[in-house]
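> Below is the sequence, then the predicted model.
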Amino acid sequence: MENSSTLVWIKSSLINVDAKESLDKIGRPAGLNGMSSDAKRSTSLEVQYQWILGSMSSNYENIDKKHDRNAENVTIKILDENSPQYYGKEVTFPLSELDNNEDLLMVNIEDHIPNQIPPHDLTQLTHLHEPAVVNCLQKRYENDLIYTATGPILLAVNPFKKCPKLYDRAAIKKYRKARRSSSSYNSLPPHVFGIADNAFHAMIQDLELLRDQKGVKNDDRIKVNQSILVSGESGAGKTVSTKHIMRYLANLSLNSDNEEKKHFTAKSSPTIYQVKPDASSQSGIEAKILESNPILESFGNARTIRNDNSSRFGKFIELQFVPTNNRSATLIGAKIETYLLEKVRLVNQGPGERNFHIFYEVLDGIEDEGERKDLFLDNRDMNDFRITSMSGTFGRRDQIDDYETYDGMRNGKNTFLCAISAVYVIINLLKQHFIDCMEILM
């Protein structure tokens, strides 16, 4: 490569390839003729926003974009092996075709150093734009680094596999102890535990600052708040991220690491945390809060085409703390508000989807013959009920077992008797639906 060349990202829409041919490859019903402007725009979206790596023969920084744009031609050789249809081609076009200088963007040199892992914070990139962000996230993901920071915001890419060491007791301890030293804490890689830790200690600092301003050391009427927003598309990992945040915050309220070892043990399943509550200690509160997770998931989550544990409702979780004398706080309670539950899923599921998890967990989890007979289940299974069989989909692809999930949920029945009562209400609904079907057949 010549010294005068420059690595750039170029939009595929600028490459001199027949646009109609590209559109045909991604599919269109009857060509562009007769399509509305919105339909054309959505059909060409994939082509327009595909970024291709190339080498420009002239120095990009020295190009005068404000003067004589019509007289300047740009020649780019495509070097992107991930785009075989373009690889090795040379394309030439006038600089005037660039759209607001956003169709041709500089490549970060460090992105293409062999075995070089991109920085853990996107703000450290020399050039921060769409292709640079996507390339950075992809390379970190390929190295099993699913978390990337962009200032105070954490970006998480779903690994679609178990990462037990990423969330074990040692990881929690590492972020807890690093808080004592600013240099150690700043050197830690981005993590959802770090987000939870920052929010917790910001709450404590705000409380102390407000008390100092008012000239009082202990006043329960002074309250402060901190919020953590977890957002993303279906399957991005919002549910699991929220559970890790709750687990870390509950852990912070324990008085010592010894209590943590005594009361918290992570189960093999990535969606259930088995907590051993002790009613005689404060950790019983933490146990009760963490026990709510599998119950919320059983009654509110379902398998969809894109996600086997998709939350079919929105929730706002409020964890309530009281300050202690050691610049910390103790968890005393929680409030969970739910909204927009997808009720239509009860009576209708599409192909490849399931009803809410609780139906399958109940049918698969109850083993006692007497209990099954009392509940009119006997030897019946998911195929015998329309609300669990209409889609023809029964299992999960995320290695979560319905039997184990139901067993874990029932282990917390002393804390959530109301939830277990709801389980039997659901079973009775199954029973009544089965009887109605029998009457119709007769």
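Yep, that arrived.

> tell me the helices in the stretch 151-300 of the chain, going along the chain?
Per DSSP state H, counting those that start in this stretch, the stretch 151-300 of the chain carries helices over the ranges 169-178, 182-186, 192-214, 238-252, 257-263, 283-300.

> Just send these back as TSV, with mean neighbour count, distance to residue 140 and mean pLDDT too.
(Each C-beta comes from the backbone N, C-alpha and C, glycine too.) Below are the helices of the stretch 151-300 of the chain laid out as TSV (neighbours: other CB atoms under 10 Å; distance: least, CB to CB, whole Å; pLDDT from 0 to 100):
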stretch	mean neighbour count	distance to residue 140	mean pLDDT
helix 169-178	16	18	91
helix 182-186	11	19	67
helix 192-214	17	15	91
helix 238-252	22	17	92
helix 257-263	15	30	41
helix 283-300	22	28	79
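
> In a markdown table, list these along with distance to residue 320.
Listed next are the helices of the stretch 151-300 of the chain as a markdown table, based on distance: least, CB to CB, whole Å:
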| stretch | distance to residue 320 |
| --- | --- |
| helix 169-178 | 21 |
| helix 182-186 | 26 |
| helix 192-214 | 11 |
| helix 238-252 | 11 |
| helix 257-263 | 19 |
| helix 283-300 | 10 |
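
> Nearest to residue 390, out of these?
Closest of the helices of the stretch 151-300 of the chain to residue 390 is helix 283-300, at 19.4 Å (criterion: CB to CB).

> quick one, the closest one and helix 238-252 angle?
Angle of helix 283-300 versus helix 238-252, following axes from the mean of the first three to the mean of the last three CA atoms, to 10 degrees, is 170 degrees.

> measure the nearest residue to residue 148 once chain neighbours are set aside to residue 343 for me?
Spatial nearest neighbour of residue 148, chain neighbours left out: residue 155 (4.7 Å); criterion: CB to CB, 6 or more residues apart in numbering. Distance from residue 155 to residue 343, counting by CB to CB, to the nearest Å: 33 Å.

> Looking at these two, which is more packed in?
residue 155 (16 against 9; other CB atoms under 10 Å).

> Let me see the contact set for the more buried one.
122, 137, 147-149 (CB atoms under 8 Å, 6 or more residues apart in numbering).

> Could you do residue 320 as well?
Applying CB under 8 Å, 6+ apart, the residues near residue 320 are 331-335.

> ditto for residue 338
296, 300, 313-315.

> Out of those residues, which comes closest to residue 376?
When the contacts of residue 338 are compared against residue 376 (criterion: CB to CB), the nearest one is residue 300, at 25.2 Å.

> Any regions of this protein where pLDDT drops low?
1-4, 16-49, 58-72, 95-101, 111-112, 181-185, 219-220, 255-283, 411-442 (pLDDT under 70).

> In space, not sequence, find me the middle residue of it.
residue 237 (2.3 Å; CA atoms, centre = their mean).

> how close does it sit to residue 157?
From residue 237 to residue 157 the distance is 8 Å (CB to CB).

> surely residue 364 meets residue 403?
Yes - under the criterion of CB atoms under 8 Å, residue 364 makes contact with residue 403 at 4.9 Å.

> Compare those two (neighbour count), which wins?
It is residue 364, of residue 364 and residue 403, that has more neighbours when counted by other CB under 10 Å, with 19 against 14.

> so which helix or strand takes in that one?
Residue 364 belongs to helix 357-365 when assigned by DSSP states H and E.

> Based on its surroundings, how many neighbours for residue 328?
Close neighbours of residue 328, defined as other CB under 10 Å, add up to 15.

> Contact partners for it?
Here residue 328 is in contact with 204, 252-253 (CB under 8 Å, 6+ apart).
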